[in-house]
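> any chance you can model this:
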Amino acid sequence: GNTTAVYNDYNFTFNAVQNDFELKLASGIRDLSLKQDFDLYPYTGHKLKFGGIYTYHKFTPSVISGKQDSTVFKPNNAQIKYAHEAAVYLQDDWEISEKIKIHAGLRYSFFQQTGPYKIYQTDDNGNRTDSTVFGRGKSVKNYGGLEPRFTIRYALNDETSVKGSVTRNRQYIHLVSNAGTTLPTDIWVPSTYKVKPQISWLYAAGLFKNFKDNMYETSVEVYYKQMQNQIEYKEGYIPSSLDDTENSFAFGKGWSYGAEFFVNKTKGPLTGWIGYTLSWTWRKFPTLNFGEKYPAKYDRRHDMSVVAMYEINKKWKLSASFVYGTGNSATLPQRFYIVGGVLTQEYSRINEYRLPSYHRLDFAAILTPKKNIKRKWKSEWVFSVHNAYNRKNPYFIYFDQSGSPFNGTLEIQAKQVSLFPVIPAITWNVKF
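Okay, here's the model as predicted:
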């Protein structure tokens, strides 16, 4: 058996400054996990794997603070939530014959939200009328269910095979996006009394073929994915310190489909691969975008990666990688009005626009000194250049204004914020 213990502490902070106003948004997840896996070979042609995992979660989905001049706005508004997550699984890799292989598995997952937590009862106008309080460690809401998966592979010959699969997943932790802004305000939130787990079915089929004594590996796969209980912010959402973030969620469904193409060269001094994905990801919410479908924020029509590695000799290796992806979809202002002396924006349909595409080229040279047999460790030097041609990839877009609407000098300009320009680096890696 194999036992694994993991402690994870993830924190995200976003700071924004405009004139004399400062805003800070923060979120985080802290996990403590224990996992146990076993392998078993009960019969010829069968490889069983089974085990379980337990995780204790502490979520801080959204904390808001700010400052204007000498006034500091720092309320005690951490929306901390706690949960237990556990799962047990059993899977079998079954080689029926030289041509047919089956991978079958079944997983049962369980998620429990615990207190402290407060549920408010409201009237038809949204006014709070009563509340139910859950103390620390008390069970608030339980979710659970089966997650089957099945894959079958059929070998047409030694170099060609076809594969089909179906998988069901239950997801208890969710990434929530705000379609009304390109700012990096996405947060991770747990399933709760109000937030149901996301459930998906994934169907895939592929053709795999090798060439020239397996020097080249190629594949083409198509897929379709159905998703339930998807989460977005309600239209017009503005971060608030006075209300729990989950009261601003909208729920709907989603689906995605596409094709993946892959070529991999595995032998010779020059190796590498090319991968390309053509995909569509849609969402449909009764209360968003007039009930009509719209592309998800991370709908990426084209996604390509090219990686090449060349071994000059035993000491030196060169590598290069290029990535390209269609820009994220975004909701942007289409018109600006002056209403009562206040600048007002009229936004487009949800995710009607696209940010500029993302692309980047990286280089690296790896030096592996001759190993000293007297040492129990070895090392290597990596000389690299990140974003070699200094592409200014979009991180988010904001609108800057100058002048005054009252004397005709008002100017509004869209500005792009980018991260990580060309970055040279030297790294020393030591392995024991």
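> neighbours around residue 395, how many?
Here the number of neighbours of residue 395 (other C-beta atoms under 10 Å) works out to 15. Glycine gets a C-beta too; all of them are placed from N, C-alpha and C.
> now it: phi and psi?
phi -100, psi -50 (degrees, to the nearest 10).
> swap in residue 90?
The phi and psi values for residue 90, taken as degrees, to the nearest 10, are phi -140, psi 130.
> ok, what's across the strand from the nearest residue to residue 80 once chain neighbours are set aside?
Ranked by C-beta to C-beta, 6 or more residues apart in numbering and with sequence neighbours excluded, the top spatial neighbour of residue 80 is residue 60, at 5.4 Å. Beta-bridge pairing of residue 60 under DSSP bridges involves residue 28.
> quick one: pLDDT of residue 60?
On pLDDT, residue 60 comes in at 85.
> all strands of the stretch 301-432 of the chain, in order?
Ranges of strands in the stretch 301-432 of the chain, per DSSP state E, counting those that start in this stretch, are 302-311, 316-325, 329-330, 333-339, 342-347, 353-354, 358-367, 378-386, 394-402, 411-418, 423-431.
> can I get the ones you listed in TSV with distance to residue 225 and mean pLDDT?
Listed next are the strands of the stretch 301-432 of the chain as TSV, based on distance: least, C-beta to C-beta, whole Å; pLDDT from 0 to 100:
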stretch	distance to residue 225	mean pLDDT
strand 302-311	15	96
strand 316-325	19	96
strand 329-330	18	90
strand 333-339	31	82
strand 342-347	28	81
strand 353-354	22	90
strand 358-367	22	96
strand 378-386	32	93
strand 394-402	26	83
strand 411-418	31	86
strand 423-431	35	92
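> among these, which is the most enclosed?
Among those, the stretch with the highest mean neighbour count (mean count of other C-beta atoms under 10 Å) is strand 329-330, at a mean of 22.
> give me the sheet partners of it and which way each runs.
Short version: by DSSP bridges, strand 329-330 pairs with strand 353-354 (antiparallel).
> to residue 30, which of the strands of the stretch 301-432 of the chain lies closest?
Closest to residue 30 of the strands of the stretch 301-432 of the chain is strand 394-402 (C-beta to C-beta; 25.8 Å).
> could you point out where this protein is predicted with low confidence?
Residue ranges of the chain with pLDDT under 70: 16, 18-21, 63-78, 179-184, 238-243.
> want to throw the strands of the stretch 301-432 of the chain into JSON lines with distance to residue 9?
JSON lines is the format used below for the strands of the stretch 301-432 of the chain (distance: least, C-beta to C-beta, whole Å):
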{"stretch": "strand 302-311", "distance to residue 9": "30"}
{"stretch": "strand 316-325", "distance to residue 9": "28"}
{"stretch": "strand 329-330", "distance to residue 9": "31"}
{"stretch": "strand 333-339", "distance to residue 9": "37"}
{"stretch": "strand 342-347", "distance to residue 9": "36"}
{"stretch": "strand 353-354", "distance to residue 9": "35"}
{"stretch": "strand 358-367", "distance to residue 9": "28"}
{"stretch": "strand 378-386", "distance to residue 9": "26"}
{"stretch": "strand 394-402", "distance to residue 9": "24"}
{"stretch": "strand 411-418", "distance to residue 9": "27"}
{"stretch": "strand 423-431", "distance to residue 9": "24"}
